[in-house]
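# Make a model of this:
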Amino acid sequence: MEKLKSVPGIAVVLLLVIVVIWIFAAISGFFDKDAYEHKAQTYKTSDNLIAYNNFKSGEQRPATKQDSSVNSNSARHLDKPDTQVIKTVAATQKNGDTFKQSTQHSTALPKQLSKKSPISVLKSSPQVNGVAFISAVIKPLAYELDERFWGWRPNDIINITDNVNNFQLGVLEITRRTVVILTERISRTGSSAAFNAHLEHAMNWFMIKADKYWFPSPESKYHAGLKELAAYRDELENHRAFFYNRADNLLPLLMTYEDLLGSCDENLIKSKEDDGTRVSFFQADDYFFYAKGVASAMVTMLEAIEKDFHVIIASRSGLEVLHHAHAMCETASTISPWIITNGDMDGILANHRANIAASISHARFYIGVLIKILST
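Model prediction:
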């Protein structure tokens, strides 16, 4: 009888152990470990429409006659895109000795984000200048809103996944800053030109506080911002909007990225907070995952910059520097320890902030070098 009475007690203990293990796994990011690693199924666009040569260090594609045309409205792919020939229509018209044959191509589109937000992340006309870049701006935040398990988290009432929360805040910050430069500089001929209405709306929606619960909810406004970006992309494809890939437009964007990486770098290497207290264990992992979110989204942005600003960067011999910046961001985005430790620099435990800070600092350095190259 005593053994039978002890069974409920054992069951309660086992239940408590399971709950504790589940909470620990959620906090450590077990359920999202693959989600915040930089892989092709998350942010990387090389498997879809933005053809990309993986930015291998030391490889630099020689400029071609097609690249030398600065006024061309189409950007050349670096690799063969993942296209599929659906059918070949052979139209033979006999006009003397002339024969014409046309081939129709179709590019497989990724699945839509959700029923609530039917925004296709990538479109079927990558040749139009600016389409690749807008698709890259859309993709990271779209993933965080609709494809990540548990969705947008910084405004959750029950908040036990601070690692993912800070990762998403990093993605949001680089999206915000990119859209501001896109609205104010890249889409306009100069300071006297009117703002594009879609970009102006998107810029406003992305400024909603990330932890706001309601009235309005950030998820709804961020979705609205993504739809405005998609509408601007449609206008580009229909030649009703503009994307000016000049050096004087790229420079402010790179300067913004340099500043953001500099802020991350400072938080990753400092040992004390502004009030003089030591950086705590819980604050250390917040800094780590915020920087990782910035780096992961920046990988996608740099890929698109290499594509849509290829002519101007190649003409200044800056491709290799851009490749190095991309490689460092990608390295930072793939550092995924189970638990973020904040040990001393000469201690037994690792200091993961310092580990990721090395890649972040190098990325910032190379972007700074690229800024100097484009400024001369």
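# contacts and neighbour counts: CA atoms only from here.
OK.
# any low-confidence regions in the stretch 51-200 of the chain?
Within the stretch 51-200 of the chain, the segments meeting pLDDT under 70 span 51-126.
# show me the contacts for the closest residue to A210 other than its chain neighbours.
Among residues not flanking A210 along the chain, P218 sits closest, at 5.8 Å (Cα to Cα, 6 or more residues apart in numbering). Residues in contact with P218, defined by Cα atoms under 8 Å, 6 or more residues apart in numbering, are I208, K209, A210, D211, K212.
# one more time with 10 Å
With contacts defined as Cα atoms under 10 Å, 6 or more residues apart in numbering, P218 is in contact with 145, 152, 154-155, 205-212, 224.
# Which of those fall in helices?
L145, W205, A224 (DSSP state H).
# And the last one, how far from S187?
Going back to what we said before, that points to A224. Distance, A224 to S187, by Cα to Cα, to the nearest Å: 19 Å.
# who has more neighbours, these two?
Higher neighbour count among A224 and S187: S187, with 22 against 17, using other Cα atoms under 10 Å.
# distance of that one from S315?
Applying Cα to Cα, the value for S187 to S315 is 22 Å.
# This protein: helices as residue ranges?
Along the chain, counting by DSSP H, helices occupy 2-28, 131-146, 162-181, 197-205, 218-237, 247-269, 281-308, 310-315, 319-333, 352-375.
# on that earlier part again, from the ones in helices among the contacts of P218, which is closest to E258?
For the ones in helices among the contacts of P218, the closest approach to E258 (Cα to Cα) belongs to W205, at 23.9 Å.
# OK, contacts around the closest one?
R176, L199, P218, E219, S220, K221, Y222, H223, A224, G225, L226, E228.
# Report the buried members of those residues.
Using 16 or more other Cα atoms under 10 Å as the burial test, the contacts of W205 include R176, L199, P218, E219, K221, Y222, H223, A224, G225, L226, E228 as buried.
# Of the residues you listed, which is the nearest to L260?
Lowest distance from L260 to the buried ones among the contacts of W205 (Cα to Cα) belongs to R176, with 11.4 Å.
# Number of residues surrounding L172?
As a burial measure, L172 scores 23 neighbours (other Cα under 10 Å).
# Assess the claim that it and V294 are in contact.
Yes. Using Cα atoms under 10 Å, L172 is in contact with V294, at 8.3 Å.
# got any residues that touch both of these two?
Counting by Cα under 10 Å, 6+ apart, the residues touching both L172 and V294 are N166.
# still on that earlier bit, of the helices of the chain, which is nearest G343?
Closest approach to G343 among those is made by helix 352-375 (8.1 Å; Cα to Cα).
# Give me the angle between that closest one and helix 281-308.
Per axes from the mean of the first three to the mean of the last three Cα atoms, to 10 degrees, the angle that helix 352-375 makes with helix 281-308 is 30 degrees.
# Now do the buried residues in helix 352-375.
With burial defined by 16+ other Cα under 10 Å, the residues of helix 352-375 counted as buried are 352-354, 356-371, 374.
# returning to that earlier point: among the contacts of W205, pick out the one closest to D275, please.
Closest approach between the contacts of W205 and D275, by Cα to Cα: R176, at 28.4 Å.
# Tell me the spacing between the closest one and L199.
Distance, R176 to L199, by Cα to Cα: 11 Å.
# Now the common contact residues for those two.
By the contact definition Cα under 10 Å, 6+ apart, R176 and L199 are jointly contacted by L182, W205.
# Not counting its own residues, what contacts stretch 366-376?
247-248, 250-255, 257-259, 261, 312-313, 315-326, 328, 361-365.
# Extract the C-alpha trace of it and format it as PDB.
Provided in PDB are the C-alpha atoms of stretch 366-376 (Å, rounded to 0.1, in the frame of the first residue of the first chain):
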ATOM      1  CA  TYR A 366      36.000  45.500 -44.500                       C
ATOM      2  CA  ILE A 367      32.800  47.600 -44.900                       C
ATOM      3  CA  GLY A 368      34.900  50.600 -43.800                       C
ATOM      4  CA  VAL A 369      37.500  49.700 -46.400                       C
ATOM      5  CA  LEU A 370      34.800  49.400 -49.100                       C
ATOM      6  CA  ILE A 371      33.500  52.900 -48.100                       C
ATOM      7  CA  LYS A 372      36.900  54.400 -48.600                       C
ATOM      8  CA  ILE A 373      37.200  52.600 -52.000                       C
ATOM      9  CA  LEU A 374      33.900  53.900 -53.200                       C
ATOM     10  CA  SER A 375      34.600  57.400 -51.900                       C
ATOM     11  CA  THR A 376      37.700  57.900 -54.100                       C
END
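# which ones are touching the nearest residue to E228 once chain neighbours are set aside?
Excluding the flanking residues, the one nearest E228 by Cα to Cα, 6+ apart is H198, at 4.9 Å. Contact partners of H198, counting by Cα under 10 Å, 6+ apart, are T183, G225, L226, K227, E228, L229, A230, A231, Y232, R233, E235.
# returning to what we had before: adding distance to K307 as columns, could you present the contacts of W205 in TSV?
Below are the contacts of W205 laid out as TSV (distance: Cα to Cα, whole Å):
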residue	distance to K307
R176	21
L199	21
P218	31
E219	30
S220	31
K221	29
Y222	26
H223	26
A224	26
G225	24
L226	21
E228	22
